[in-house]
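>>> Provided below for reference: sequence and predicted model.
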Amino acid sequence: MAAPAHHPETAAERLIARSITATWLLWLIGGLYIAGPVIGWALTGMVVVALYLGRKNIAAIPATIWLWHAGMAAMLLILWAGHANFALGTAQTIKSSIGWAKGWALIALFPMAGAVLDIRLPVIARAVCRLSMWTLLMLPLFLAAPFVGLPEMLYVSPLKAVGGPGPEYFATILYTIEPGAGTPRWQFFAPWSPAAGMVAVVYVFLAAQERDLFWKAIGIFGFLAVAVLSQSRLALVAMVALVPIVWAVARVDRAAVWFIAAPVLLLVGLFASDLVSFVDQLMSDFSSARADSSRVRAALGRIAMDRWENEAFWFGHGIVESGPHLVEYMPIGSHHSWYGLLFVKGLAGALALAVPLAVTVAVLLWRARLGALHRTALSMILILVLYSFGENLEILAYLYWPALIVIGRALAFRNAPPDDDPAFAEDTGDDVPDTLTAPPGETARASSL
């Protein structure tokens, strides 16, 4: 009798499923920031072994995956150029290179693992749902903590000694108090609340691919609660905006979608001016909902742009610098991947992310109609695009890495994989084996993208 689709069958699947399920345990010991890079490089070792032993065909790795590797490798070369331009010294260059290996490198390594190794979407979905179950069980503790006198932060793990961006990545924090409002806000296992919102959005979309209705409900409800309690405005926008976008794109070749879209587009045209005013009001309300935060973000962006243009146009400043008192001494370019890239790595760094990101979005938009895997991957890449304007993607890769694996797996299939949603595969007629596995006596056909 065949094992259930969600049951891990390979070493890579077991590592991923157990790591996701153990998220809270890793949080308790302050090991999440360490675990992400370790998992990424361990999966890379498995990829190298599989290619070396001939179990997988290197010629069939999609060009988009190589584009990600080229972009993230360019990040390292650009980093070195920035350090040389500002004479930051050998010690600082080595430290920053290690930071690259724990950040930007992961954004290429995890998609490669997803493309080469046999990591199925149902395995990831069930692991996310199990994590959601533990989250729901711990939720009463987090909700009660600020009202029963428990401290905001319990402790900072000794693992901080390995080095990282700050103590918040190794801290066990139950809640924080919103400045000005005096109300509690929760960040769960993330370093800050908006990051928890980002991870919650990723995990809601992954949990939605669970086939067992009980586990699906557990998965979605648990991370919806995380998204709401994180009080992240961007998380709520992502939830509302991405569901209809992915649904429509996945069915763009169906007549019913166009019949629905036609009157909607007509109404948009008739009431365009009113809609523009409505959107402007929404954006104003969005900013004023947390006015101090919006003010600091805007100031950080202006400082980053001004110093980038005038001081380090091509290769950036090489390292992150703290801003003035105006922005509460927060790092210049933080809370925004593009401002951060322009300040630290210049125009070359921004292009190194923009090009593979744009190509991946285009490929997955085209393939979204093929099945559940491609629809989910499209939602993952759109979440990254959206959050690139509110977070620094590289610094949170250790948390949202399951999204990168799903993206890589989708890029490896020009048709629906055999473990995809059976109903959708039947409907489209797409059900083909992994193009990365070379059949006996025959070379696997390379995927163009």
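Now that the structure is in, tell me what you want to look at.

>>> quote the end-to-end distance of stretch 359-373.
End-to-end distance of stretch 359-373 (CA to CA, to the nearest Å): 18 Å.

>>> state the mean pLDDT of it.
For stretch 359-373, mean pLDDT is 92.

>>> list the buried residues for that stretch?
Applying a neighbour-count criterion of 16 or more other CB atoms under 10 Å, one finds 359, 360, 363, 364, 365, 367, 368, 369, 370, 371, 372, 373 buried in stretch 359-373. For the C-beta atoms, the positions are set from N, CA and C on the backbone; glycine is no exception.

>>> for the last one, identify the helix or strand it belongs to.
Looking back up the chat, that one is residue 373. helix 372-387 (DSSP states H and E).

>>> buried set for that helix?
Buried-residue list, helix 372-387, by 16+ other CB under 10 Å: 372-384, 386-387.

>>> in space, what's closest to residue 324 - neighbours in sequence excluded?
residue 303 (7.8 Å; CB to CB, 6 or more residues apart in numbering).

>>> what about the strands in the chain?
153-156, 171-173, 176-177, 184-185 (DSSP state E).

>>> list the buried residues for the second one?
Burial within strand 171-173, assessed by neighbour count using 16+ other CB under 10 Å, is assigned to 171, 173.

>>> that strand pairs with which strands, and in what direction?
Strand pairing for strand 171-173, using DSSP bridges, gives strand 153-156 (antiparallel).

>>> what sits against residue 197?
Taking CB atoms under 8 Å, 6 or more residues apart in numbering as the criterion, residue 197 is in contact with 226, 227, 230, 231, 232, 234, 235, 236.

>>> and the gap between the third one and residue 196?
In this case it means residue 230. According to CB to CB, to the nearest Å, residue 230 and residue 196 sit 4 Å apart.

>>> can you check the second one too?
The span separating residue 227 from residue 196 equals 8 Å under the rule CB to CB.

>>> same deal with the fifth one?
Note on residue 232: its distance to residue 196, by CB to CB, is 7 Å.

>>> out of those two, which sits in the more crowded spot?
Looking at residue 232 and residue 196 with other CB atoms under 10 Å, you find the greater number of neighbours at residue 232, namely 28 against 25.

>>> so what's the more buried one closest to, chain neighbours aside?
residue 197 (2.7 Å).

>>> which helices and strands sit right next to the helix holding residue 373?
helix 121-144, helix 193-207, helix 233-250, helix 337-367, helix 397-411 (3 or more CB pairs under 8 Å, 6 or more residues apart in numbering; DSSP states H and E).

>>> export those helices to TSV and tack on distance to residue 298?
TSV is the format used below for those (distance: least, CB to CB, whole Å):
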stretch	distance to residue 298
helix 121-144	31
helix 193-207	15
helix 233-250	14
helix 337-367	10
helix 397-411	25
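
>>> of those helices, which shows the lowest average pLDDT?
When the helices and strands packed on helix 372-387 are ranked by mean pLDDT, helix 233-250 comes last with a mean of 85.

>>> what residues sit buried inside that one?
Neighbour count says helix 233-250 has 233, 234, 235, 236, 237, 238, 239, 242, 246, 248, 249, 250 buried, by 16+ other CB under 10 Å.

>>> how big is the angle separating it from helix 193-207?
Relative orientation of helix 233-250 versus helix 193-207 (axes from the mean of the first three to the mean of the last three CA atoms, to 10 degrees): 30 degrees.

>>> where does helix 233-250 sit relative to the chain's centre, distance-wise?
15 Å (CA atoms, centre = their mean, to the nearest Å).

>>> do stretch 46-53 as well
Its chain's average C-alpha position is 26 Å from that of stretch 46-53, according to CA atoms, centre = their mean.
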